[in-house]
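# dropping a prediction and its sequence here:
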Amino acid sequence: MIRFVFLLLVVVCSYITSSTFAQGLLSTDRLTLRGYLDGYYTYDFSRPPSKDRVFTTGPLRHNEFNLNLALVDLTYETEKVHSRLVLQSGTYVQANYGAEPPVLQHLHEGYLGLQLGQTNWWLDMGLFASHIGLEGATSLDQWAYSRSLMADFSPFFETGLRLSGPISTKSTFTFVLVNGWQNIRENNDDKAIGTQLQHQLNDRMLLNWSTFIGNEAPTHSPSQLRIFNNWFIQTQIHDRVETALIFDSGFQKCAIQNRYDAWYATAFYTRAQVTPQIHFAGRLEYYSDEKQVIIPSGTPNGFQTFSISANIDYTPIEKFKWRLESRFYQSKDAVFPSNTGFKKNSGTITMSFAMYLE
C-alpha cells in the first residue's frame, strides 16, 4: 500500500507540473486525469476459513468491508501519439497480480502508442487490457458485479505489442504479440500471439472472435502449447433489453504425455432497464476443466462448475452505481472450502458502491 501511495503522489505531482509548465509536445489540454473507486461487502455462505474466497478475482474477501479496485488514470491523446498510465490498489490486485514482482503489482495499464501513417491503425507497446472476452476489470462497466468464471480464468491484462484498427466500416481487427497468458514478467523464452475480430452486424448485434496461441510452460520445462478461442454475440433485442452469449474453448499440450487436454466454458447474460436509474441483470454459466489445465482443484473430476447470478443496479447520478448481487455455485466435486470442510456448493450476497471520479 505504501508503494501505491508513493506512485499515486508521483502521478499527481507529474500532472500538476505538466499542467503548469508543459509546452511543445505535451499540451495540457490533451492530458486527462481521472480516478475510479469500487468498494464492497460480500458474505460467502461457505464461510471460508481464511476469508479469501477461491476461484474468483472479486469480490475476494468474505464478511469484510473492503476496496475491490482503486484506479488513478492519466491519459495523453494527440492525433499521432497516445499514452496511458493507470495505477491500482485493492483486493482485485491481491487476487490477480500475486505472481508479479511487488514493484509491478500496482500497475494496471502503462503503454505508449503511435498512429501508423494517415490511417486509423495504432501500434501500442506496454501493459494493456486483454483482447479476450466481454468482461473487464472495472465492475461499474460490467453487466454483473462479479466476473464470470470464464472471465476470471482468462486474461484481464497483457504485456507486449498491440496492433489495432478498422478493416471495414463495420469491422475492427487486433493483433497482439505478448509475453504470455496474463503476465507482466515473462516465465519462458517464447512469446504468444493473439487476435480479435469484431463485426457490428447491425445496430443491434455485435460479433466477436478472439484467439490466443502460446507456450505457457516455464523455462527448461517441456513445451505446453496453449490454443484458445473466445466467441461472443451481444444483442439488443429490445430498446431496454440486452443479451449476450459467450463460449470459450481451449486446448493445451500435456507436459508428460503426447496429447492435448481440453477445457471449455459458456455463459448467457441478460440485462433489462426498468427505469433510467434501475437495471436488472442475470447470468447463467458453466465451466468445465476436467483435466485441470487452467483451474487446479485437486479433485477426481477436476473443476466442473455451474453458476447463476442476479443483480439489481441503481444509478442515482451519472458515473455512480449501487449494486446488490446474489450468486450460487454448484460443482461436481467438493471444491469450495468452508468452516466444516470442502463443499460442492457455495453462495454469496454482495453489495457494492462504484464510481468514476472525473
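All right, it came through fine. Keep in mind it's a predicted model, so treat the numbers as computed, not measured. Numbering: from 1, shown residues only.

# where does pLDDT dip in the chain?
Within the chain, the stretches with pLDDT under 70 are 1-28.

# redo that, cut-off 50
Residues of the chain that meet the criterion pLDDT under 50 lie in 1-2, 4-6, 9-26.

# quick check: longest strand of it.
When the chain is parsed with DSSP state E, its longest strand is strand 260-275.

# that strand pairs with which strands?
strand 241-253 (antiparallel), strand 278-289 (antiparallel) (DSSP bridges).

# in it, what counts as buried?
By 16 or more other CB atoms under 10 Å, the buried positions in strand 260-275 come out as 260-261, 263-267, 269-271. C-betas here are computed from N, CA, C, even on glycine.

# thinking again about what came up before, can you put the strands paired with strand 260-275 in a markdown table and add mean neighbour count?
As requested, those are arranged in a markdown table below (neighbours: other CB atoms under 10 Å):
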| stretch | mean neighbour count |
| --- | --- |
| strand 241-253 | 18 |
| strand 278-289 | 18 |
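
# could you dump these to a markdown table with distance to residue 215?
A markdown table is the format used below for those (distance: least, CB to CB, whole Å):
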| stretch | distance to residue 215 |
| --- | --- |
| strand 241-253 | 8 |
| strand 278-289 | 19 |
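
# ok, which of these comes nearest residue 73?
The closest of these to residue 73 is strand 278-289. By CB to CB, the value is 24.5 Å.

# contacts for the longest strand of the chain?
Applying CB atoms under 8 Å, 6 or more residues apart in numbering, the contact partners of strand 260-275 are 134, 143-144, 148-150, 153, 227, 240-254, 279-291, 293-294.

# the host helix or strand of residue 82 pairs with which strands, parallel or anti?
Using DSSP states H and E, the element containing residue 82 is strand 81-89. Strand 81-89 has its sheet partners listed here by DSSP bridges as strand 64-77 (antiparallel), strand 107-115 (antiparallel).

# buried stuff in the first one?
Buried positions in strand 64-77, judged by neighbour count with 16+ other CB under 10 Å: 66, 68-74, 76.

# any idea how far it is from the chain center?
Taking CA atoms, centre = their mean, to the nearest Å, one finds strand 64-77 lying 14 Å from the centre of the chain it belongs to.

# export that strand to PDB, keeping only CA atoms.
C-alpha atoms of strand 64-77 as PDB (Å, rounded to 0.1, in the frame of the first residue of the first chain):
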ATOM      1  CA  GLU A  64     -15.500  -7.800   5.300                       C
ATOM      2  CA  PHE A  65     -15.900  -4.300   4.000                       C
ATOM      3  CA  ASN A  66     -13.100  -3.700   1.600                       C
ATOM      4  CA  LEU A  67     -11.900  -2.000  -1.500                       C
ATOM      5  CA  ASN A  68     -12.100  -4.100  -4.700                       C
ATOM      6  CA  LEU A  69     -10.300  -1.700  -7.000                       C
ATOM      7  CA  ALA A  70      -9.000   1.900  -6.900                       C
ATOM      8  CA  LEU A  71      -7.500   3.400 -10.100                       C
ATOM      9  CA  VAL A  72      -5.700   6.600 -10.900                       C
ATOM     10  CA  ASP A  73      -5.700   7.100 -14.700                       C
ATOM     11  CA  LEU A  74      -3.600   9.500 -16.600                       C
ATOM     12  CA  THR A  75      -4.000   9.600 -20.400                       C
ATOM     13  CA  TYR A  76      -2.500  11.700 -23.100                       C
ATOM     14  CA  GLU A  77      -4.100  12.000 -26.600                       C
END
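
# let's number from 110 now, not from 1
OK, 110 is where the count begins now, so the last one is strand 173-186.

# now do the contacts for residue 259.
242, 355, 357, 374-376, 394, 396.

# what's the closest non-adjacent residue to it?
Of all residues not flanking residue 259 in the chain, residue 374 sits nearest, at 3.8 Å (CB to CB, 6 or more residues apart in numbering).
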